[in-house]
Every structure is written in structure tokens, then in C-alpha cells.
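Student: predicted structure and sequence below. I'll ask about it afterward.
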Amino acid sequence: MRTRVLLIAALAAAAAILAAGCGGGGAEESAATATTGAETPLPDTSTEGATTGEAGGEIVKGGILRIGSTDHIDSLNPFVAFNAQAYVAFVMIYPVLVQYGPGYEFEGDWAESWEVSADGLVWTFAVKPGQWSDGTPLTAEDGAWSCNTIIQYKSGPTANLAPFLSHVKECSAPDPQTLVMTYDQPVGNVLPQLQQFFILPKHVWEQHLGNSGKDLKKVKPEDDLPLVAGGAFTITKHEKKGTTIYEKNPGFYGPEPYVDAVGLQIFTNEDAMVAALKSGDLDTVDELPLHAVDSFEGNDDFVLERLEWFQVNNFIFNSNPKKPENTELLDLKVREAIAHAIDRQAIADTAYAGYATPVASIVAPVTGEWMNPNLQPEPFDLDLANQILDDAGYPRGSDGIRVNKDGEKMEYEVITPTGVQGINREFEVVRTGLEQIGITVTQKALDDTTAFEEIGAPDWQYLSFDMAMWDWVGYLDPDFVLSIVGCDQYGGWSDTGYCNPEYDKLYQEQGVTVGQEARKEIVWKMQEILYDDRPYIQLVVLDQVTAHAKGWDGLWPELGGFSKRPWVEAHQVAS
Amino acid sequence: MRGTNYVVKRTLFALMTLLVAVTLNFVLFRAAPGDPASALRCRACTPEFKEAQRKEFGLDKSKLEQYGIYVKQLAQGNLGSSFSSRRPVWEELKDPLLNTLPMVALGTIFSIVFGIASGVVAAWRRGTVADWGNLSVSLFFYSLPTQWLGLMLVIVFAGVLPISGISDPFLEFTDPSWWDTFVDRLKHMLLPSMTLGLVLYGDYALVTRSALLQTLGEDYILTARAKGLGAWRIVRRHALRNALLPVSTLIAISLGYLVGGAILVEAVFSYPGIGLEVYDAVFERDYPMLQGAFLLLMLSVVLANYVADLLYLKLDPRISE
Amino acid sequence: MSLAAHPDETPRTPVVSRRQQTWLAVRRQPAAATGAVVLLLFVLVAVLAPYVAPYGQREKVGDLFASPSGAHPFGLDDGGVDMLTLMMHGARISLLVGFAAAAVAMLIGGTVGLLSGYFGGKIDALLSGVTNYMIAIPDIPLILVAAALFGRSLTNIIVIIGAIYWTYTARIIRAEVKSVRERVYVKRARSLGASNARIILRHVLPQVAPLLVAQTVLFVAYAIFAETSIAFLGLGDPSLISWGKLIENAFEANAITAGAWWAIVPPGFAVAFVVLACTMLGRTLEDALNPRLRVGHLSVHRFRVRRLAAKEQE
């Protein structure tokens, strides 16, 4: 659901381009925009990672790539897992039809090639021959079975993966190397969706369909290692809060990885993780804590990459028109004033050590064209904010605090989840800003689960809370991050209680619009609606800084979780 | 016999405490505010499915029924299943518990060694700077927040000793001997245990010192000193015995608490012990895990206190009705 | 400085009242006097903090994690806020929690101990039962759970800490009350027909009060410890700054990797000094008033050792 959930933590240095992009401009842009606090040179990521050791040495095969992270795999069952790290694992160990490649162009992973029928309803994939790690042949039948099973139980056991197959009617495997997926209407973002469709071994999972499919959620692959995997690696050892060891799958249909194994070590203490990297106990860290970046200054043994990312921090208004209390917060003028009173740059500077950028939309800049560039973050202007409130009829009381039309003081609680890094400093900036315009806010810090419950209280009717702060981590395709404010998300993903039928109609439309330009128009319009209605005030988008030891190459940090390349092409270079 | 009476009494007490603990455990977590079923996270699940999940975990029954099931399961040695990982609680807690125990034991050894050494020196040189100095230092360490001291050790020893985890996860790829593995584990345990040892040795120092002071003033000690017997010999042979009872009971009881109390040290050093499990379970609202962990912790405390009671009997025959 | 034995302690006879005894003890023992002075100093700083702190506690005055300098002797934290200011404001919350939680523990524990020791019989059995059973509960994990379940406001933290540790006080007060009860004048008052309440308030309580105070002082130390633990585990009130919170902030903001030791060191020392002060003061008071309790005083704070003397009184 949030930072810890979904998708990967790596992204694009290239601010660009999906399918319809300008390829050449991307490389230059990447070198220019991605600067680090440390004085280490930025690799030109659009050509990096090619199979010739770019770092200037020859490829050394073998060895083990040791990765450090603070995000752990919460479950090895794809129907139960929530954490981003689990999804990284699934991409590596299971066949996926397509993956993002360099420049974010789609390339086939398991699929050799694909074609769409004229009416846009039937997608046919030619899939590569391979074997599961236990020797069983990997065929299109596994794909069809996975697909149909997910669809069959999508209202319950397989709900976590079902959204990636939305609009799929059924799948079939006319022959072992051909997978046919039939949609009920033409869909515009098939490939991005399928990038998260993990294909499971039928011969292992079909035994767990009991209890109307509920047994699927009870499967514990952790207890049955080595995992039966069809991707580049399989898991041979797994400690939930310790280390997970991935070893090569000999039956992998793709190029053989250079390394023998990958080890993922989980740290609960970031300082220890950084220390381990510096002392050579780790080769790479997926996410460097922002306050630690400066400590690498002048250190030539490490390569740091500062990447644009997906995490957008938001300030949330309860937008349920039925909310009984503090209805002045439904007044768009009030929201506008508040938006002018939040100093986004100060947030970027104090909460995130400068590694963040003010934004205006929930669709992050890294998605390229999907972000509406016409929307700008409201300028930080206290005078303007005060003016707006004065004009809208919210005068200040004798103590300086404004009152609403009923004479009640404008004092509110802001729910903040403890799981978001830097949220306390972020709140502090908000608080001081609002204080200056006569609105008092106090922080109500809760753990993530409780925070979400409080937002939805009572019972997912969104009638009680006033304000909250959280973040959203989207994908390269904007579909998911635009879906969270749908009317149907009450009790699902919604953290705003927002419901706008016009918006929902547009959402459905973009989901089935095949032409990129046309779809882009709709997506931009949706962002405009959100900007005007302001269920959120988008604050900043966070950068991600990854680090690796100098002797490693081919790590493709911007493709983490999107592709098998980072681990397949990772290699040491002879110094 | 009076002794037997005492044992029976203490055994009954231990069992009663256990029963109350079990009940308290249940009440605390099932009666707590917040819907435990929300921890059964489920993206875009229908309400029917959530209801089915609730049923599966028995959350739809009355509290009394749930209590009955809980006790019955306990009797069968079943601690329930974790909400987040779906695995049996005992399975999830087994390894962390086994990680914490040696670390805590090593920590206790450190505190005993530091404590006795400090207490002996202080008692022997009573009234001098050595006495005053030793007590001050031990008190000072005792007054430091545990996690803070751990952080200080991290600052000092980062790079020299491992500062996180219980072992080098990639060691197995270098084909280590059992000695290598043992040393590796020990190195990882060193800093966390040392933190515990430093923070707690004040107790032992004080206890040792008091016990020694009681005997060192005795005539036969003076005689021994006049005879020219070595200081350490005198202390070891005569005086230390007096410290045996309080030190032993201190050890027994403190071990019981340390298992749960090591949580701070585990948090600083990312040491995957039972303390850290409790910490995670709290934030994940994983009630079965919390219940199971609490039960184990309470069990260790009750057991430790029981052992301490028995030690009293053995070492101090004055105890009777 | 000898903490365990008091060679020149006056024998307790009705001639020297307990109150006088206590005062004498504090004056004579340099440790206790030092402790009292240190404590007073910290309280002074805490009370005056808003007036004497050099900068605002949320005011960014320089770079993040700037090192100590003339203008900022303790450096700046991860938000660019002056550490000295933070330390002063932190004193307010830490000491507030310490004293308040100790007061709660004293109130509950004192009452339970009083009733239990005075009335004996069934009431004693019941209350002692509760006291004894609470022994089995692991304190820090329970605080963790309680804070997570019931919310992280300051009041909650104070109540939770007090509610978990009252058992120590209860046991000691109970023992003390039992012995006081047998004193001659109490017996005389009873035979003269004075009501229970009257006896408790006029005769028992004054005798027990100094010990209660000593316990409370010791408790301040432990409550402060507990608060730093809670804050470190991320369960403190996020809008308030305490010493424990400062340690946690620094830890979360990777002060160690950034080399910003000044963000971590001062709060730890501050806690240590206050705890030391309370311990020295409280112990001396306790020793003066109840010399039988000789073994393992420190133990009160970390483990629940049943002291030999206390055992004998059971």
C-alpha cells in the first residue's frame, strides 16, 4: 500500500520516456539531473550495464553479490506479501512475460515476442523454453494456469495480484510455447500490468486450491526451500529478518547470470548497514539513508547514484462530503490557503537533507509524460494565504487563531504514520506554516495500521478524521496511483474518502484507451481534477540514492524490481 | 519437614502465577482496542473474504469461547499462528529465543565478572579511593540508558567488531570450520553482551561488596591476614562464600527478566532475538505473535523466580515457614 | 563514600523523630547532598528552560548536524536545531515524566501497601496476590504493548509507567506498615477506640511517609529510564522533546554514520547524572530509615530481587 509496499525502490535517472519517448534526449537529461551530494561522478546510466565492463575492466564471473537493505521480505507467498522487497524477489525468481529495459522500453523476459489481435482483445505471447528449478519443464500451461487461477479467486485469496490482470477474461496455452490472453475490452496498459504478473509453477501450487482457493494464502514457500522457481534465481535460504540467499536456476530461459549467487541481508539499523558497506561486508545498498550520503564525500571506493523516484509525500484532507465536523475543511478556499502556507522547499531541506523536490501531482516526474507538467506546486506565500482566508470569511480570533462560520476555532489533528521516514520534521514545517496563517494543528502519531484505521474510521466510512500525512509510491505506469482515489476504494486503498464519479469515469476510460496520446490526455485531465479538488496537497517527491562498491558493474539500479537485469548482468570487474 | 513445605508452597505459587499470566495475556491482547483482524491485511479484498479470514482465526466467536480455545491450544503446546506470516508462532519464536539466550547469558557472565572483581576490590580496600572509585564507576554505568551505551560502543567499535546481526551471513560460502563459525557468532555477540554487562554489573558489585564487608571484619579474617595469607586466598576461601547466596539469586532472577529486557540492546545491534520479535509484532499488530512471545517471557520469569526460591532454600537454611 | 554501612548512624529511638533522622542523614552523607544539589540544578534548568534557552526548540539555526562551535557548544541536530536548547527543553519532559510517574507509582503502591500491611488478613492476601503476580509480567515489553495500544500521549506514558512499577513500592511499604502497626502507640490508639482511618492517617502514614518519599525519589530514576526506553522504541509522544527522544532522533537520523556524536552523547550523560543523583539521594534516605534493607538496593530498579531482609519480614 505505501512506501513499504509495492514496487520497487529503484527508478530512473532518466526523467523520460516510456514507449512514446524521445530516446536520445534521455541520456543527456539523466546525466544532468541526477547529481549527488557526494563528489562521485555519475555514471551515464543509459549505456551503463552493457555486457562489456563499462567501468573499465574485464568481466569477472562468479562470486556472490551482497545486497544490504532495511526493507525485508514479509512473505514468500505472492498472495500474502506486501513489502516491496518481496516483489523484487518475485520478479527475480518467477517468469514474467515482459520487463522494463534500458530507457524504460519494454523487452521480453519470458516472452520472445508478442502480438495483438486487430480488435485489441487477444494478446498472443511466444514464450521461451525453460525449466523450473526442480527440473519440471516450464511451459505456457503454467502461465495459463496462473492467470486463470488469479482471475478465478480475485475477490478473495488472489486479490493482491488480481489488479494486474484486470479486464482479462481468460488465458489458454494452445501449445507449450504459446500463451494466449483474452481481454474483455481493449486495454491501453497491458505491458506495464503484465510486468507484475508472476507466473507460478502449476505443479506445485495447484494442490493448494482447497477451501475455495483460500488455501492459496496458507502456502508457506519459506518452509519448502529451495523454492521451485522458474526465473533467473531460486531461493535456497531465507531468514525473514536476516539473510536470503538466491542461487542460479540452471533451467533459466534467459542469459546465465555472471554471479553464482545473490545474498540479501536485512538490517534494522541503517548505520550498521552503511558501516557494512564501507567495510566491504556488502557490495551494494539499495537505498542509502539520506543523512549518510555526505559521509561518502571524497570516498573513491564507492559509486553513488542519485535517482529520481516514485515516492510522493502528501498532505491529506478528509474529502468525504458527508463528514459531520469541521466542514470548513471542505471549502476549497481553505484548502488553497493551506497549500500556500506549506513551505515545500523547507521540507525538502530539513526532512530529506535536500534530496527531495517539490511536486504538484501524485504522478511522479519520473514517469515521464504521464505527469501533467502544467500543474505547478503552489508557491509558498503566507501573505497570499492569509489574504485568501480573510476574504473567504475566516477571521482571526483575539488569540490569533482563525474561527470558522460557526465561531469554532480552526484547530485540527493531523494523523501521521510512524512508518514514513522524516515525517516528524515534515509535520513541523507544516505546523509552523499553518500557525502563521492562524490555523493550529497538532500531530497524532500512530503506527501504520492504526493510522490507516483512524483515517477510515468509523468502519471505512471516513467520517471522523480531518487531516493526515502519508505518501504514495507509484509505478512507471500511472494507473495504480490514480486508482487510489476512486469511489470503490473506500475500505480499499483510499486514504481521503474522496469520491468523484466524473473522475472514476475517466479512470475507467484511460484503462482501456489504447492510443498513448489519447490516454495521456485523459491522465492529465485526471490530475487536473485532483489538483482543483485538492483531496491531497502533494508535497515533495523523494530522491533515492543507491551505492555500490567500485568493483561492481552491471547493477542497473534504475531497473530494480522492474527487470531481471540487475542481478543477471551484475558482475565484478577486474581492477 | 519444613523444607518440603516451602518447596510445595513455592511450586504452587509458581503455577498460580503462570495461570494468572496466561489469563492476563489473553485479556490484554484480545480485549485491546483496535480490530485485530485489520492485521490480516488484504488488498482490495471483499468484505466476505475478510469475514472468512476472521472466522478462520476464530475472531468471530465470543471472548469466552476464544479464551477456552486459547487455553486448550496452549495445553496442546499450540501457540497459534502469526497473522502476518501465517506460520505457527512457536516456529517463528524458536530461533529468536535461541538467539537471545546465549547473548543474555554472556552478558550476565560479563556483569558477574566485572561485578565481583569490582566488589572485591572495593570491599578489600574499604574506605579508600579504590572503594569509592569502583562504586562510583559501577553506579555511573548503572545509570546510563542501555541503548545509549550500546550506541557508544557502536561508535567506538564500528569497523573493529561487528555491530549488527548474529553472524556473517556469507560466511558459509567460504567453507568455514566449526571453530570459524563459533568465533563468528561470538564476535557478533560480544558488543551486545558487553553492553548488558556494563550496564548491570553495578548490582553484582554492590552485592559482592556488602557480602564481603560482613565477613571481612571478622576475627578469623584478621588472624588470617596477620598470618600473612594472600589477600585473594582469604577472600576466595572465606569471604566470597557469603556472597554466594545473594549473587546466585540475583543471577537467577535477572536472567528471567533479561530475556525480555534485552529488547533495547537488540534494537541497537539489530540482533534478531525475541525482544526484536516483540517489537515488530507490536507494530504489525500481530496479536498471536505478541501473545506467544509474552507467554514465553512470563514463563522465563516465573521459572527464574522459582529457581531463585529453591536456591534460597538450598543456600540459606534459615528459610522455613 | 560508603553506601552500604553507616557507622555513625544514630540508633532509632523515639527521641529523634524520623523526619529529623532523614534530614540528618542527608546532611551527613556527601553523596546524598551532592545528589540533592544535582537534582535541584536539573529541575531549575527544566523550569527555566523557556526563558534561558539560547534558541527556539524548533528553530533551524544552521546546517543539519553542524558540529559544536562557540555559538552552539553542543552542536546542531538533524534538523539544524541547537542541541543545548533541546537538552534544556528535554529536561522538562524527562523530569516531568520522571516525577509524575513516580508520583503515580507512589500513590498506587503506597495505598496498596498501606492497606495491605495495616489490615492484613483477606485484604492483604488479595492485594499481595496481585502484587506478587504482577512480578511475572516483563516490564519493557508490556510498556511497549500498552503504549502501542493505548496511544502515545504524555499522560498515557506517565500512567503506564506508574501503573507497571507500583509493585516495588507496595511491597516495601507493606513490610514497613506491618512493623509500624506493632508499635506501642499504635496499639494504644487502637485500644482507645480510634477508627482505622484515623490511625492510618495520623499514626501510620507519618511514620511511613519518609520511606515513601525515599522510594519515590528512587523511582524518579527508574521512570526516567523507562521513558528513554519508550522513546527509543519509537513510542514516545512525537510532538514533545525529551532526552530519550533526542537519542532516538539521532539514531533514526543516522547521526553515527554522519559522525554527529554530539547529537547522541549529551542526552545519555544527562540521564545518567539525574539517575545517579536520585539513586544516591534515595538510597541514603532509605538506608537511614530502614537499615535492614541492606542488600542490593540497585536491584530494585532492574530486577525484583526479594531482599533477604524483606524475606524475613514476610
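Tutor: Yep, it's here. This structure is a prediction, so every number in the text was calculated from the model and none was measured.

Student: report pLDDT for residue 310.
Tutor: Because you didn't say which chain, this covers chain A. On pLDDT, residue A:310 comes in at 91.

Student: actually chain B
Tutor: So, for residue B:310, pLDDT stands at 80.

Student: ditto for residue B:57
Tutor: So, for residue B:57, pLDDT stands at 68.

Student: ditto for residue A:17
Tutor: Residue A:17 is given a pLDDT of 31.

Student: neighbours of the residue of the stretch 201-321 of chain B found nearest chain A, how many?
Tutor: Here the residue of the stretch 201-321 of chain B nearest chain A is residue B:270; by C-beta to the nearest C-beta that distance is 4.2 Å. Yep, even glycine has a C-beta here, placed from its N, CA and C like the rest. Residues within reach of residue B:270, counting by other C-beta atoms under 10 Å in any protein chain shown, total 23.

Student: also residue B:9?
Tutor: 12.

Student: doesn't it belong to a helix?
Tutor: Yes. Counting by DSSP: H, G, I helix; E, B strand; the rest coil, residue B:9 falls inside a helix.

Student: about what we covered before: list the contacts of the residue of the stretch 201-321 of chain B closest to chain A.
Tutor: When contacts are counted by C-beta atoms under 8 Å, 6 or more residues apart in numbering or on different chains, residue B:270 touches A:267, A:268, A:269, A:272, B:164, B:165, B:276.

Student: make it 10 Å
Tutor: A:70, A:241-242, A:266-273, B:163-166, B:192, B:276 (C-beta atoms under 10 Å, 6 or more residues apart in numbering or on different chains).

Student: now do the SS call for residue A:314.
Tutor: Once three-state DSSP is applied, residue A:314 turns out strand.

Student: quick check: the nearest residue to it once chain neighbours are set aside vs residue A:460, distance?
Tutor: Spatial nearest neighbour of residue A:314, chain neighbours left out: residue A:536 (4.4 Å); criterion: C-beta to C-beta, 6 or more residues apart in numbering or on different chains. Here residue A:536 is placed at a distance of 19 Å from residue A:460 (C-beta to C-beta, to the nearest Å).

Student: more neighbours, the two?
Tutor: residue A:536 (28 against 17).

Student: so what sits opposite that one in the bridge?
Tutor: residue A:316 (DSSP bridges).

Student: returning to that earlier point: quick one, grab the pLDDT at the residue of the stretch 201-321 of chain B closest to chain A.
Tutor: Reported pLDDT for residue B:270: 85.

Student: how close does it get to residue A:544?
Tutor: The separation that residue B:270 has from residue A:544, given C-beta to C-beta, amounts to 22 Å.

Student: got the contact list for the residue nearest to residue A:314?
Tutor: Residue A:536 sits in contact with A:312-317, A:319, A:335, A:339, A:361-362, A:468-470, A:472, A:484-485, A:495-496, A:498, A:530, where contact means C-beta under 10 Å, 6+ apart.

Student: OK, contacts around the most centrally placed residue in chain C?
Tutor: Taking C-alpha atoms, centre = their mean, the centroid of chain C lies closest to residue C:220, which sits 1.6 Å from it. Residues counted as contacts of residue C:220 (C-beta under 10 Å, 6+ apart) are C:39, C:94-95, C:97-103, C:105, C:274-275, C:277-279, C:281-282.

Student: just the ones of those in helices?
Tutor: C:39, C:94-95, C:97-103, C:105, C:274-275, C:277-279, C:281-282 (DSSP state H).

Student: check contacts around the closest residue to chain B within the stretch 51-200 of chain C.
Tutor: Proximity of the stretch 51-200 of chain C to chain B (C-beta to the nearest C-beta) peaks at residue C:138, 3.3 Å away. Contacts for residue C:138 (C-beta under 10 Å, 6+ apart) come out as B:256-261, B:263, B:275, B:278, B:293-294, B:296-298, B:300-301, C:144-145.
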